[in-house]
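Q: sequence first, then the predicted structure, then my questions.
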Amino acid sequence: MKKFLTPALIVTGLSVFIAVSCQDKNNDNITPTYKNQSTGTGANPNINVVTVTGTQTVTNMATANSALYVGGSNPGWSYDGCATSPNTLTGHNGNTQIQILFGGGAVTSMNYALTSGIPTAGQARMTITNAPGQPDGIVWYSKSGMVSVTTSTLTGTQASFTSIQCLQYSFLFPVVSTTGTLTCI
């Protein structure tokens, strides 16, 4: 009898275990529903207006490097007067604009280190809008480099620079490389 009792108990125990574990568990806290039926933070407060969640991927419209030669023997460049803004030099050629903003007040004869942020004393920031060979509407900011400035009562203020790389704030490629001279009288 002992031979039959042990297997019978094992079979009965396994049957009870399987029956208990196969029962449906009713948990009202986790129930998938459609968004317009939910009541928590996932519900759209205005069901008739579609809302977009997540982030959009920003794509760079510019795809290739380009170069810009400013002033000198390059025709078409015009410059704003020094009185317009005493700490800014601006040049225009058609739709293209290049601007150097100097930090620390009035511009003096010295070398200024270029920065991409707001310039402080001894620094300057170069920006290029609508660079040739690039899509319109993009602003390019100086990455680094030096601008050599000379001031004179006869010739005005001249800022010379060579191979300055300018980038977009959001992208490290492509690059607009610029060389030349900005002037104001």
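A: Ah, there it is. Numbering: from 1, shown residues only.

Q: may I have stretch 109-118 exported as PDB, CA atoms only?
A: Output in PDB follows, covering the C-alpha atoms of stretch 109-118 (Å, rounded to 0.1, in the frame of the first residue of the first chain):
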ATOM      1  CA  SER A 109      44.600  97.500 -32.600                       C
ATOM      2  CA  MET A 110      45.400  94.000 -31.300                       C
ATOM      3  CA  ASN A 111      44.900  90.300 -32.000                       C
ATOM      4  CA  TYR A 112      41.500  88.900 -30.900                       C
ATOM      5  CA  ALA A 113      40.900  85.200 -30.200                       C
ATOM      6  CA  LEU A 114      37.800  83.900 -31.900                       C
ATOM      7  CA  THR A 115      35.200  82.100 -30.000                       C
ATOM      8  CA  SER A 116      31.800  80.500 -30.800                       C
ATOM      9  CA  GLY A 117      30.100  82.000 -27.700                       C
ATOM     10  CA  ILE A 118      29.500  85.500 -26.500                       C
END
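
Q: next SSE after the lowest-mean-pLDDT helix or strand in the chain?
A: The weakest-scoring helix or strand in the chain, judged by mean pLDDT, DSSP states H and E, is helix 2-21 (a mean of 72). Note on helix 2-21: by DSSP states H and E, the next helix or strand toward the C-terminus is strand 66-70.

Q: please point out which parts of that following strand sit buried.
A: Of all the residues in strand 66-70, those buried under the rule 16 or more other CB atoms under 10 Å are 66, 68, 70. (Each C-beta comes from the backbone N, C-alpha and C, glycine too.)

Q: not counting residues beside it along the chain, what's closest to the first one?
A: Closest residue in space to residue 66, ignoring its immediate chain neighbours: residue 133 at 3.4 Å, by CB to CB, 6 or more residues apart in numbering.

Q: I'd assumed that neighbour was in a strand, is it?
A: No. Using DSSP: H, G, I helix; E, B strand; the rest coil, the secondary structure at residue 133 is coil, not a strand.

Q: my read: it touches residue 96, true?
A: No. With contact defined as CB atoms under 8 Å, residue 133 does not count as touching residue 96 (10.2 Å).

Q: shaky segments in this structure?
A: For the chain, applying pLDDT under 70 flags the ranges 1-4, 20-55.

Q: which other helices and strands does the longest strand anywhere in it contact?
A: For the chain, the strand with the greatest residue count under DSSP state E is strand 156-167. In terms of contacts (3 or more CB pairs under 8 Å, 6 or more residues apart in numbering; DSSP states H and E), strand 156-167 is packed against strand 110-114, strand 123-129, strand 139-142, strand 146-152, strand 176-184.

Q: which non-adjacent residue is nearest residue 162?
A: Leaving out its chain neighbours, the residue that sits closest to residue 162 by CB to CB, 6+ apart is residue 179, at 5.0 Å.

Q: from residue 73, how far off is that neighbour?
A: Distance from residue 179 to residue 73, counting by CB to CB, to the nearest Å: 12 Å.
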